[in-house]
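> 3D model of this:
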Amino acid sequence: MLVYWEDNIHALGYDVIDAGHRLMIDVINRLNTYDRKRGERDVVGESLAGLERQMARQFHHEEAVMVLSRSQRLAEHRRAHGRFLDTLAALRHRHEAGEDVVALVLVNLVAFLTSHLRGDDVDEFTATRVGRRAA
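A predicted model of the protein is given here:
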């Protein structure tokens, strides 16, 4: 495995958000073992399509929580989500056109996981949960 899920590191306490993070880690690990010589192209397409659906759902949920908490970072967060979904869609289209995009997908997933999910989301949703408990 390239990336492991660890509750004390990855869990934010929001089921939908945590499910999206888990899925991203699962896709990273699945694609890390992908072997194009064995004819596993379907694995890439299915992984990208499922990831796009789940991340769109997760991002919608994140943004709803941010609206309710009156987050000052909502617009910035939405832009980051949009860019990531656009990147996933572009990679899926390139895959559908026959290009081997596994390395690009892995780089983008790991980068997003470490920068946005482990950075922005942890900052935002840890603060939201703390604020919710204090209210």
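> by contact count, what packs against the longest helix along the chain?
Ranked by residue count and defined by DSSP state H, the top helix of the chain is helix 41-68. Judged by 3 or more C-beta pairs under 8 Å, 6 or more residues apart in numbering; DSSP states H and E, helix 41-68 is in contact with helix 15-32, helix 74-96, helix 102-112, helix 122-134. (C-beta placed from N, C-alpha, C; glycine too.)
> again, only this time at 6 Å
helix 15-32, helix 74-96 (3 or more C-beta pairs under 6 Å, 6 or more residues apart in numbering; DSSP states H and E).
> what is the shortest one packed up against?
Contact analysis of helix 15-32 by 3+ C-beta pairs under 6 Å, 6+ apart lists helix 41-68, helix 102-112 as its packing neighbours.
> as a markdown table, the ones you listed with distance to F125 would be great.
Shown next, in a markdown table, are these (distance: least, C-beta to C-beta, whole Å):
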| stretch | distance to F125 |
| --- | --- |
| helix 41-68 | 7 |
| helix 102-112 | 16 |
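> now the ones you listed in CSV, with distance to L2 and mean neighbour count?
Converted to CSV, those look like this (distance: least, C-beta to C-beta, whole Å; neighbours: other C-beta atoms under 10 Å):
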stretch, distance to L2, mean neighbour count
helix 41-68, 14, 16
helix 102-112, 8, 17
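> just the helices and strands packed on helix 41-68: most buried one?
Greatest average neighbour count among those goes to helix 15-32 (a mean of 18), per mean count of other C-beta atoms under 10 Å.
> chain center to that one: distance?
7 Å (C-alpha atoms, centre = their mean, to the nearest Å).
> angle of that helix against helix 41-68?
160 degrees (axes from the mean of the first three to the mean of the last three C-alpha atoms, to 10 degrees).
> show residues contacting helix 15-32.
With contact meaning C-beta atoms under 6 Å, 6 or more residues apart in numbering, helix 15-32 is reached by 1-3, 5, 10-12, 47, 51, 54-55, 58, 61-62, 102, 105-106, 109, 113, 117.
> 7 Å instead?
With contacts defined as C-beta atoms under 7 Å, 6 or more residues apart in numbering, helix 15-32 is touched by 1-3, 5, 10-12, 43-44, 47, 51, 54-55, 57-58, 61-62, 102, 105-106, 109-110, 113, 117, 121, 125.
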